[in-house]
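J.: I would like to see how this sequence folds:
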Amino acid sequence: MAVGILMDWLGNVPDGLRLFVLWGPVLVAVGALFLVLKLGVKRRFLNTVLNPMSSWLSRGFYILSCCIVFGMINLILALLPYLEPYIHITINLWPWLATTLDILAFIFSLGTAIYTGILIMSVKYVPFWDTWLLPSLYTVSALSTGAMAITLATKAFNLIITAPGLPEWLATILIIKDEFPDGLAGTLTGIEQVLVIIEIIVLVLYLVRGYRAGEYGMFSVKLLLSGRLKYAFWAGIVVCGFFLPMVFEGVYSRFHDVDALLFIAGGFLLIGGFFVRYATVYAGIKEEPAMLRLVQSRRRLVNNATTPVLLESKGHR
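T.: Here you go, the predicted model:
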């Protein structure tokens, strides 16, 4: 959503085609539904809503809600040109109101990307997550995958409306025949490539910092590099998220007529974005608080001291 609005501000989205770059809130709404179902108990949902001063989960609820509301309003307004022939109603917003809605949607879409990392970072006693490099990694990843998603959407739209055998029913729906400018895909691809390089740098810094964050942070990094999550890291993040998109985009830069190369690169990049979150979440190992370690240590000492007595009382030598 943030990338789509930004491209519109830069004048890269023709009039009437905002609908095809502002569909992000639909995915956010679907994701938020799963979060609500995950809470399960109604009381938990109320606790989430009523504690914004002390809980990042609660703050995230409001950030997500505002993102969905302002994003959906923008999406509906972008849909109106397609509905006017059927509803016979023309709605013209004041320019300042339309700009305000765009700004709010842009702010809360970025907030959604940033808050996800902050929520995980706020979990106590997980050294691997306890750094601002995690929200930074998630935000850069969200922007890179968002740029690729908009690239694929606009490219697919151009291919559909220029197809010689376009079905009549689809031609009727797509009243607006404008195409996205050819330079938009190139601009977005260039932005995405820069963001991927930044993402690689942030990920390396994040792993180095995690390795130095005590034994539990070191265990988390080892889980990613050589443990049970090594396939998610090396195949999911490094190969699918970084290496293959660069290869296919490099080939596509030489063969612009082969659009399949761009779609393959985009698919791998989006898979990599998923594994960035999957691997970093499941690599988090909870550290035992100092007081709990003390209690467990004393319990072990007591058990060790009483074991011979118990054995002797049962007639064992």
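
J.: Please count neighbours and contacts with C-alpha atoms only from this point.
T.: Will do.

J.: Can you report how many residues lie near residue 10?
T.: 9 (other CA atoms under 10 Å).

J.: cool, residue 131 as well?
T.: 18.

J.: That one reaches residue 120, doesn't it?
T.: No: with contact defined as CA atoms under 8 Å, residue 131 does not reach residue 120; the gap is 9.9 Å.

J.: Identify the residues contacting residue 203.
T.: By CA atoms under 8 Å, 6 or more residues apart in numbering, residue 203 lies in contact with residue 137.

J.: Quick check: which element contains it?
T.: Per DSSP states H and E, residue 203 falls inside helix 182-211.

J.: how far does that helix sit from the chain's center?
T.: In terms of CA atoms, centre = their mean, to the nearest Å, the centre of helix 182-211 is found 14 Å from the chain centre.

J.: before we move on, what about stretch 100-112?
T.: Centre-to-centre, stretch 100-112 and its host chain are 15 Å apart (CA atoms, centre = their mean).

J.: and if you look at stretch 39-56?
T.: With CA atoms, centre = their mean, you get 22 Å for stretch 39-56.

J.: same deal with stretch 70-89?
T.: Taking mean C-alpha positions (CA atoms, centre = their mean), stretch 70-89 and its chain are 27 Å apart.

J.: Just the mean pLDDT for that stretch, thanks.
T.: Per-residue pLDDT over stretch 70-89 has a mean of 83.

J.: So which bits of the helix ranked longest in the chain are buried?
T.: Across the chain, the longest stretch assigned as helix under DSSP state H is helix 56-87. Using 16 or more other CA atoms under 10 Å as the test for burial, helix 56-87 gives 56-72, 74-75, 77-82.

J.: elements contacting the helix or strand following that helix?
T.: Per DSSP H and E, the first helix or strand lying C-terminal to helix 56-87 is helix 95-121. Applying 3 or more CA pairs under 8 Å, 6 or more residues apart in numbering; DSSP states H and E, we find helix 95-121 packed against helix 2-9, helix 56-87, helix 133-161.

J.: in the last one, what's buried?
T.: Within helix 133-161, the residues that count as buried by 16+ other CA under 10 Å are 133-155, 157-158, 160-161.

J.: cool, and the first one?
T.: Buried residues in helix 2-9, counted by 16+ other CA under 10 Å: 2, 3, 4, 5, 6, 7, 8.

J.: Output those residues as CSV; include the columns distance to residue 255 and pLDDT.
T.: Shown next, in CSV, are those (distance: CA to CA, whole Å; pLDDT from 0 to 100):
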residue, distance to residue 255, pLDDT
2, 29, 94
3, 26, 94
4, 26, 93
5, 29, 94
6, 28, 94
7, 25, 93
8, 27, 92
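
J.: Out of the residues you listed, flag the one nearest to residue 216.
T.: residue 2 (35.6 Å; CA to CA).

J.: That closest one is in contact with residue 113, isn't it?
T.: No: at 9.8 Å, residue 2 and residue 113 do not qualify as touching, with contact defined as CA under 8 Å.

J.: give the contact list for the closest residue to residue 117 other than its chain neighbours.
T.: Once flanking residues are discounted, residue 117 sits nearest to residue 135: 3.8 Å by CA to CA, 6 or more residues apart in numbering. Contacts for residue 135 (CA under 8 Å, 6+ apart) come out as 114, 115, 116, 117, 118, 121.

J.: Mind telling me the two of those farthest from one another?
T.: Longest distance between any two of the contacts of residue 135 is 10.9 Å, between 114 and 121; criterion CA to CA.

J.: Surely residue 101 is in contact with residue 70?
T.: Yes: Residue 101 is within contact range of residue 70, at 6.4 Å (criterion: CA under 8 Å).

J.: Can you give me the pLDDT of residue 255?
T.: Residue 255 is given a pLDDT of 88.

J.: Could I get the contacting residues of it?
T.: No contacts exist for residue 255 under CA under 8 Å, 6+ apart.

J.: Would you mind measuring from it to residue 128?
T.: Distance of residue 255 to residue 128, computed by CA to CA, to the nearest Å: 42 Å.

J.: Which segments of this protein make up each domain?
T.: Annotated domains of the chain cover 1-122, 124-289 [automatic domain parsing].

J.: Would you reformat those domains as TSV and include distance to residue 298?
T.: What follows is the domains of the chain, written out as TSV (distance: least, CA to CA, whole Å):
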stretch	distance to residue 298
domain 1-122	30
domain 124-289	14
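
J.: weakest of the ones you listed in terms of mean pLDDT?
T.: Least confident of those, judged by mean pLDDT, is domain 1-122 with a mean of 86.
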